[in-house]
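*Asks:* here's a sequence, model it:
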Amino acid sequence: MNDAFRLSPESASNLAGPFEHLFITLCVITLIITLGIAATIVYYSVRYRRRHPGDIGVATGDHRWMEYTWTVIPLVVFLIIFVWSTVQYVNMSRPPANAMIIQVVGKQWMWKLQHPSGRKEIDELHVPLGIPVKLQMTSQDVIHSFYIPAFRIKQDVVPGRYSEEWFTATKLGEYHLFCAEYCGTSHALMGGRVVVMTPGDYQKWAASGPLDERPEAAGARLFAQYGCISCHGQQAPSLYGIFGHEQVMDDGRRVVADEAYLRESILSPRAKIVAGFPPLMPSYQGQLSEEQIFDLIAYIKSIDTPLPPFPPPPRPLSPEVRP
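*Replies:* From the prediction side, this is the model:
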């Protein structure tokens, strides 16, 4: 972690380079326009100053070409910057499909993270070099903002919803991690570090130390513990292959079953009712932590085989065959 004074942080991710180019271009254009306007003001102030008290200004002719120039050129520059920044924004908001998912929960005043191996850490983020990483984030209390200056990423973390950002680390080393949103009295202390390791070292690190259950395994345990398996597939919609696919609601709406939909269905199950099923599911608001909800969603996303079938209840015997 280099603490020497720098005009800009070190660039250590795939997103940093394009961001720097766009930022520097904006600064150069702004500087050129500012200096040009200032020079024009000075020149006109000197060239057309009133030399005698009786001087009266005289029209010098039609200069529409000047009006067209200062209208068209800024418009073209604006459109170029708009398209460039839009492409950059889209690239930053679309993580690769094979990105490694790390769960992040913001809490006054710490960052709690869990890796796919089950290893957890607080205020530290270990990531492999050259491998895309997607951070799936939420807050347990107030709005936070996950900020890694060297990676040029910053994303608000909001209670009650999921947000995400992604990056691919391009340099080994240690980098600052901050909360960039004022979140209370100890906001200034809510920081940490990001450690970029070789893929081999990361695998060793992820498999060492105290390991919790993998998110999918913890979610499967919670799924059984809360009796979810007794309803889904019969009285409630099947969860097999549900993630990423559209679900038809009882009011005709079509909703994609993403992380936000699954979270809402766990905490506010009557907000969206799947067509053909009664609203029987209770709310688990206050019963599950954000980490447990992450685990349940990870399990639902991992279901690639149908849930175990449930035999129909036995039919009552007719009088003729009763013993």
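
*Asks:* show me where the stretch 151-300 of the chain has its helices.
*Replies:* Ranges of helices in the stretch 151-300 of the chain, per DSSP state H, counting those that start in this stretch, are 199-207, 215-225, 259-267, 290-302.

*Asks:* so which of those comes closest to residue 107?
*Replies:* Nearest to residue 107, of all the helices of the stretch 151-300 of the chain, is helix 290-302, at 8.5 Å by C-beta to C-beta. For the C-beta atoms, the positions are set from N, CA and C on the backbone; glycine is no exception.

*Asks:* got the CA positions of the closest one in PDB?
*Replies:* As requested, C-alpha coordinates have been extracted for helix 290-302 and formatted as PDB (Å, rounded to 0.1, in the frame of the first residue of the first chain):
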ATOM      1  CA  GLU A 290     -28.400 -10.400   5.600                       C
ATOM      2  CA  GLU A 291     -25.700 -13.200   5.500                       C
ATOM      3  CA  GLN A 292     -28.400 -15.900   5.900                       C
ATOM      4  CA  ILE A 293     -30.500 -14.300   3.100                       C
ATOM      5  CA  PHE A 294     -27.300 -14.300   0.900                       C
ATOM      6  CA  ASP A 295     -26.900 -18.000   1.700                       C
ATOM      7  CA  LEU A 296     -30.500 -18.900   0.900                       C
ATOM      8  CA  ILE A 297     -30.200 -17.100  -2.500                       C
ATOM      9  CA  ALA A 298     -26.900 -18.900  -3.200                       C
ATOM     10  CA  TYR A 299     -28.600 -22.200  -2.600                       C
ATOM     11  CA  ILE A 300     -31.600 -21.400  -4.800                       C
ATOM     12  CA  LYS A 301     -29.200 -20.300  -7.500                       C
ATOM     13  CA  SER A 302     -27.300 -23.500  -7.200                       C
END
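
*Asks:* tell me the buried residues in that helix?
*Replies:* Residues 290, 291, 292, 293, 294, 295, 296, 297, 298, 299, 300, 301 are the ones in helix 290-302 that count as buried (16 or more other C-beta atoms under 10 Å).

*Asks:* adding distance to residue 106 and pLDDT, write those out as a markdown table.
*Replies:* As requested, the buried residues of helix 290-302 are arranged in a markdown table below (distance: C-beta to C-beta, whole Å; pLDDT from 0 to 100):
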| residue | distance to residue 106 | pLDDT |
| --- | --- | --- |
| 290 | 9 | 86 |
| 291 | 12 | 87 |
| 292 | 16 | 88 |
| 293 | 14 | 89 |
| 294 | 13 | 87 |
| 295 | 17 | 88 |
| 296 | 19 | 88 |
| 297 | 17 | 88 |
| 298 | 19 | 88 |
| 299 | 23 | 89 |
| 300 | 23 | 88 |
| 301 | 22 | 86 |
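
*Asks:* related to what we said a few turns ago, and of the helices of the stretch 151-300 of the chain, who's closest to residue 94?
*Replies:* helix 259-267 (15.4 Å).

*Asks:* how much space between residue 225 and residue 296?
*Replies:* As judged by C-beta to C-beta, to the nearest Å, residue 225 and residue 296 stand 10 Å apart.

*Asks:* meant to ask about residue 281, not that
*Replies:* Here residue 281 is placed at a distance of 13 Å from residue 296 (C-beta to C-beta).

*Asks:* for residue 83, same thing?
*Replies:* Taking C-beta to C-beta as the measure, residue 83 and residue 296 are separated by 41 Å.

*Asks:* do the same with residue 20
*Replies:* With distances defined as C-beta to C-beta, the gap from residue 20 to residue 296 amounts to 40 Å.
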